[in-house]
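In: The following comprises the amino acid sequence and a computationally predicted model.
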Amino acid sequence: MSGVRLAHDDRGEVAQLHGLGIQRFGDLYYAYGENKVKGNLFQGVVCYTSPDLQDWTNRGIVLPVRDEGLLAADTIAERPKVLRCPSTGEYVMYVHAERHDYSYAHVAVAVADDPLGPFRFLFSMQPFGNISRDIGVFQDEGGEGYLLSEDREHGTHIYRLSADYHSVVEDVVCLKGTDYAFGYESPTMIRHEGLYYWFGSQLTGWDCNDNMFATAPAIEGPWSDWRPFTPEGSRTFDSQCDLVLPLPDGQFLYIGDRWNPDDLGNSPTLWLPIRIGGGNASLEWHDEWHYEA
Ligand code: DGJ
C-alpha cells in the first residue's frame with residue numbers, strides 16, 4: 001500500500017474518503033466519507049466497500065442532501081461515523097452538522113437498517129448543551145457506544161451513548177490538551193491490551209500540526225499527558241488523524257487527511273501502519289508498505 005493515497009474507486013474516480021469513518025460489518029469494510037467533489041458544501045455522505053482496504057467499490061450516497069434546513073446543499077457536514085447498535089441491530093450515523101460559516105456546531109444523528117443506507121436523519125443536538133464540532137465514535141468491547149466531540153476551550157468530550165445509540169446519556173470525560181488551551185479535534189479512540197488510546201489534532205483549520213495522543217486505563221481516566229506520535233515538527237507527516245483502525249492481524253492502521261483547501265475533493269489521505277503498545281503510539285513514514293488483508 002502507498003503511504004500517501006489518492007485512492008480511486010471501481011468507477012475510476014477519486015474515492016471521496018475525506019474525514020472518513022470505517023467499520024467492518026460481516027466480510028466487508030464500509031467506509032463513509034465526506035463527498036467534496038464540488039468543494040466544502042454538503043453533497044451527501046458517500047459509502048465505499050472493500051474486502052481488503054485497498055480496492056474500493058462506490059456504493060453511492062447513503063445520507064442524501066436534504067431539500068432545506070440542516071444537511072441541505074447550502075450547509076456543511078463532516079466526519080461521518082457509523083456504528084452498528086448491538087441492542088437494536090440498527091446502523092447509526094453521527095455527523096458534524098454545520099451552517100456554511102461553521103456557526104451551528106451540532107451533531108446530527110441518522111439511522112438505517114442496512115449499512116448501505118439510506119440513512120434517515122433523526123435530529124441534531126448539542127450534547128448537554130455543549131458545542132459539538134469534530135466528532136469520532138468508539139464502540140467498547142462490551143458493546144457500549146461513545147461519541148467523541150470537540151468543544152473548543154472547554155475541551156473534547158467523550159459522551160456515553162444510550163442503549164439504542166440515538167443519544168447521549170453521560171458526559172464521561174472532557175479533556176484539554178497538555179499545555180494547550182483547547183481540546184483536540186478529529187478525535188478517534190481505540191482500546192488495546194487494557195488501555196484506551198485517544199488521538200486528536202490541534203485546532204489549525206485545514207493546516208496540519210503535530211497530532212497528539214493520550215492513554216488511560218478507563219475512559220473516565222486518569223488520562224496521561226498528551227504527546228505527539230510522529231517526530232516533533234513533522235506535522236504528523238502533513239496529515240490530520242481521521243482514524244486508527246484495528247486490523248485482523250492485531251496491527252493498527254493510521255488514516256489521516258492531507259487537506260488541499262483549494263481542491264478538497266482531491267485531498268489525498270495517508271495510510272500508514274501505526275505501532276501501538278505499552279502506552280506508546282508511533283507512526284513511521286513508509287513510501288510503500290505491505291499489508292495482507
Ligand atoms: C478542521 C477540522 O478537523 C476539519 O474537519 C474541518 O472542519 C476544518 N477544520 C475546517 O477548517
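Out: Yep, that arrived. Numbers count the residues shown, from 1 in each chain.

In: going forward, measure contacts between C-alpha atoms and count neighbours the same way
Out: Will do.

In: any idea how far the ligand is from residue 26?
Out: 29 Å (Cα to the nearest ligand atom, to the nearest Å).

In: Count the neighbours of that residue for me.
Out: 8 (other Cα atoms under 10 Å).

In: Angles on the backbone of it, please.
Out: Per-residue torsions, residue 26: phi 70, psi -130 (degrees, to the nearest 10).

In: ranges for the strands of the stretch 151-293 of the chain?
Out: 155-161, 168-175, 185-192, 195-201, 212-216, 227-228, 240-246, 252-257, 269-277, 280-283 (DSSP state E, counting those that start in this stretch).

In: For the fifth one, the averaged confidence score.
Out: Think strand 212-216. For strand 212-216, mean pLDDT rounds to 98.

In: Quick check: which helices or strands does it pack against?
Out: For strand 212-216, the packing partners by 3 or more Cα pairs under 8 Å, 6 or more residues apart in numbering; DSSP states H and E come out as strand 195-201, strand 227-228.

In: does the ligand sit close to it?
Out: No. Strand 212-216 lies out of reach of the ligand by Cα under 6 Å from any ligand atom, never closer than 13.6 Å.

In: One more: the fourth one?
Out: No. Using Cα under 6 Å from any ligand atom, strand 195-201 stays clear of the ligand, with a minimum separation of 7.6 Å.

In: List the neighbouring strands of that strand plus their orientation.
Out: In the sheet, strand 195-201 lines up against strand 185-192 (antiparallel), strand 212-216 (antiparallel) (DSSP bridges).

In: As a markdown table, the helices and strands packed on strand 212-216 with mean pLDDT and mean neighbour count would be great.
Out: A markdown table is the format used below for the helices and strands packed on strand 212-216 (pLDDT from 0 to 100; neighbours: other Cα atoms under 10 Å):
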| stretch | mean pLDDT | mean neighbour count |
| --- | --- | --- |
| strand 195-201 | 98 | 23 |
| strand 227-228 | 98 | 20 |
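
In: Make a markdown table out of the strands paired with strand 195-201 and add mean neighbour count.
Out: Below are these laid out as a markdown table (neighbours: other Cα atoms under 10 Å):
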| stretch | mean neighbour count |
| --- | --- |
| strand 185-192 | 23 |
| strand 212-216 | 22 |
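
In: Redo those strands as CSV? Include distance to residue 90.
Out: Below are those laid out as CSV (distance: least, Cα to Cα, whole Å):
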stretch, distance to residue 90
strand 185-192, 22
strand 212-216, 30
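
In: any low-confidence regions in the stretch 151-293 of the chain?
Out: 293 (pLDDT under 70).

In: hmm, 80 instead?
Out: Along the stretch 151-293 of the chain, the model assigns pLDDT under 80 to residues 291-293.

In: Point out the residues in it that sit beside the ligand.
Out: 185-186, 205-206.

In: which one of those sits closest to the ligand?
Out: Nearest to the ligand, judged by Cα to the nearest ligand atom, of those is residue 205 at 3.6 Å.

In: List the buried residues for the helix or strand encompassing residue 60?
Out: Assigned by DSSP states H and E, residue 60 falls within strand 57-63. If you call a residue buried by 16 or more other Cα atoms under 10 Å, then strand 57-63 has these buried ones: 57-59, 61-63.

In: chain center to the helix or strand that it is followed by: distance?
Out: Downstream of strand 57-63, the first helix or strand assigned by DSSP H and E is strand 75-84. Strand 75-84 has its C-alpha centroid displaced from the chain centroid by 8 Å (Cα atoms, centre = their mean, to the nearest Å).

In: helix or strand right after strand 75-84?
Out: Using DSSP H and E, the helix or strand that follows strand 75-84 in sequence is strand 91-99.

In: does the ligand sit close to that next one?
Out: No. Against the ligand, strand 91-99 shows no contacts by Cα under 6 Å from any ligand atom, the least distance being 8.6 Å.

In: Restrict that strand to CA atoms and write it as PDB.
Out: C-alpha atoms of strand 91-99 as PDB (Å, rounded to 0.1, in the frame of the first residue of the first chain):
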ATOM      1  CA  TYR A  91     -26.900   1.300  11.900                       C
ATOM      2  CA  VAL A  92     -26.500   4.700  13.500                       C
ATOM      3  CA  MET A  93     -24.600   7.600  11.800                       C
ATOM      4  CA  TYR A  94     -23.200  10.600  13.700                       C
ATOM      5  CA  VAL A  95     -22.000  13.500  11.600                       C
ATOM      6  CA  HIS A  96     -20.900  17.100  12.400                       C
ATOM      7  CA  ALA A  97     -23.600  19.300  11.000                       C
ATOM      8  CA  GLU A  98     -22.900  23.000  10.300                       C
ATOM      9  CA  ARG A  99     -24.100  26.100   8.600                       C
END
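
In: Alright, that wraps it up for me.
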